[in-house]
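> I would like to see how this sequence folds:
(one chain, ligands or ions: 2)
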Amino acid sequence: MRTQVAIIGSGPSGLLLGQLLSKAGIDNVIIDRVDRDYILGRIRAGVLEVGAVGMMDRAGAGQRMHAEGLVHDGFALSFSGRRHRIDLKGLTGTSVMVYGQTELTRDLMDQREADGGVSIYDAANVTPHDFDGESPYITYDKDGVSHRIDCDFIAGCDGYHGPSRAAVEGRGLKTYEKVYPFGWLGILADVPPVDHELIYANHARGFALCSQRSLTRSRYYVQVPLSDKVEQWSDDAFWDEIRRRLPADVAEAMVTGPSIEKSIAPLRSFVAEPLRFGRLFLVGDAGHIVPPTGAKGLNLAASDVHYLFEGLQGFYGEKSMAGIDAYSARALSRIWKAERFSWSMTMLLHRFPAEGDFGQKVQEAELDYLSSSEAAQTAMAENYVGLPY
Ligand code: RFL
Ligand code: PHB
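Numbering: from 1, shown residues only. Ligands and ions are numbered 1, 2, ... in the order given. You can find the predicted model right below:
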């Protein structure tokens, strides 16, 4: 088989890139290790920046998001028994969209299917080859048969554990990493959200987050030690713990119910540099990871795709390599700012056992300062709604 751009990974970054390329008349094939239902079973991000919303529209897949997504003009910080609202709209003129990654992925998959785009699922041993030269290709096995896709470029949209970054390790790739000493225990439940906006809570027992997927589906998280196993946490134990970490009025208003998903995610900051090796690009989680505190993971995948699409469009439209040459630096400049923000939100809101009571007091002082300084709130709001592409 031959295509112009071979895309490894059918997550948000691969699907967004595929849609934009198809719309621009650039032939592409998406190839994934697992199947559609497996991908849609992953419960991940929930908050979209205005840039990611715009990317969904450009991909022609934004209709349901606009109809069902919830526009949020602010969020709350809870600390020292009180709550302070960050007025995103008032401070920046911009809002965010609450729309789950599962729904966004489903919309992109459906649109790709409707447009006749080619996706290959359940492909084993996907491997990129010869990307240093002008004729790269991908090999994979499916149903016991080996296949080869020849292409002009390979987009590595294959997540943190995919084969694209593995293929460039030891070839000048530099990685930066910070691992946090805790994880997030998250549950999804068909109960109305406790508030119409998100609540991020700093509490002596640990961080908690009240998020949502719709007016009838809630997503809640609590900080847990890395040694905790999800089986240790009954639904009742989870609800008891999150209520302890929230202001009394919020805890009392919380509607509880059986979980439909429960999992623990470790927190990590990670960046790989550069993001381009000849004709292979690292995109989204393949190139970087943020802790979820700033809700930036999916949004960074969207901005990477924006820069890469511009480069590929320049190559096919104007025979120019300028955008392709600039991809890594342009994407990394925005990535590092989101890394910084995600790290600072994580440091501000979580309990760090090694920092003791002193660390907790410093966090409370910073939150108190934030609640009294419009300048500090504006800086937080500007980063939360997303820096410009
Ligand atoms: P994805 O979504 O991981 O998609 C990568 C795709 O590549 C496929 N793949 C392979 N395909 C072929 N061959 C192989 N060998 C392959 N190996 C992997 C995978 O099957 C998959 O379909 O990366 P992408 O597209 O870059 O999108 C990034 C986002 O998914 C990610 O940044 C966010 O979901 C991060 N994230 C969160 N972000 C938020 O903003 N808020 C959150 O609450 C949030 N929660 C999360 C998260 C990520 C998690 N991970 C990665 C474990 C919770 C979790 C658990
Ligand atoms: C989510 O809804 O899953 C979510 C929302 C905001 C975050 C992280 C996760 O900062």
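> What parts of the stretch 101-250 of the chain come near ligand 1?
Applying C-beta under 6 Å from any ligand atom, we find that the stretch 101-250 of the chain lies next to ligand 1 at Gln101, Val126, Cys157, Asp158, Gly159, Tyr160, His161, Gly162, Pro163. The C-beta positions use only the backbone N, C-alpha and C, and glycine is treated the same way.
> Can you tell me which of those end up in strands?
Val126 (DSSP state E).
> which of the residues of the stretch 101-250 of the chain next to ligand 1 tops the neighbour count?
Among those, the one with the most neighbours (other C-beta atoms under 10 Å) is Cys157, at 32 neighbours.
> And that residue, how close does it get to Asn125?
18 Å (C-beta to C-beta, to the nearest Å).
> Next: Ala248.
Counting by C-beta to C-beta - Ala248 and Asn125 are separated by 55 Å.
> And for Gly117?
As judged by C-beta to C-beta, Gly117 and Asn125 stand 23 Å apart.
> quick one, which of the two is more surrounded?
Taking other C-beta under 10 Å, Gly117 and Asn125 do not tie; Gly117 has more neighbours (19 against 11).
> For the residue nearest to Pro266 when sequence neighbours are not counted, which three-state class applies?
Of all residues not flanking Pro266 in the chain, Gly183 sits nearest, at 4.6 Å (C-beta to C-beta, 6 or more residues apart in numbering). Put simply, Gly183 is strand when judged by DSSP: H, G, I helix; E, B strand; the rest coil.
> what's the answer for Gln360, then?
helix.
> which ones are touching Leu108?
Pro12, Leu15, Leu16, Gly18, Gln19, Met56, Ala59, Ala61 (C-beta atoms under 8 Å, 6 or more residues apart in numbering).
> which element is it on?
helix 101-114 (DSSP states H and E).
> So what are the sheet partners of the helix or strand that comes right after that helix and their directions?
Per DSSP H and E, the first helix or strand lying C-terminal to helix 101-114 is strand 118-120. Strand 118-120 has these partner strands in its sheet, going by DSSP bridges: strand 28-31 (parallel).
> Could you export the partner strand as CSV, keeping only the C-alpha atoms?
The C-alpha trace of strand 28-31 is given here as CSV (Å, rounded to 0.1, in the frame of the first residue of the first chain):
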residue,chain,number,x,y,z
ASN,A,28,-3.3,9.3,4.8
VAL,A,29,-3.7,6.0,6.6
ILE,A,30,-4.2,5.5,10.4
ILE,A,31,-3.0,2.4,12.0
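> who touches that strand?
Against strand 28-31 from outside (C-beta under 8 Å, 6+ apart): 1, 3-10, 14-15, 17-18, 21-22, 112, 117-120, 123, 126, 138, 140, 149, 151.
> now these: which count as buried?
3-10, 14-15, 17-18, 21-22, 112, 117, 119-120, 123, 126, 138, 140, 149, 151 (16 or more other C-beta atoms under 10 Å).
> mind listing which of those are in helices?
The members of the buried ones among the contacts of strand 28-31 that map onto helices under DSSP state H are Gly14, Leu15, Leu17, Gly18, Leu21, Ser22, Arg112.
> Tell me who's in contact with the second one.
Which is Leu15. Counted by C-beta under 8 Å, 6+ apart, Leu15 has contacts Ile30, Ala59, Thr105, Leu108, Met109, Arg112.
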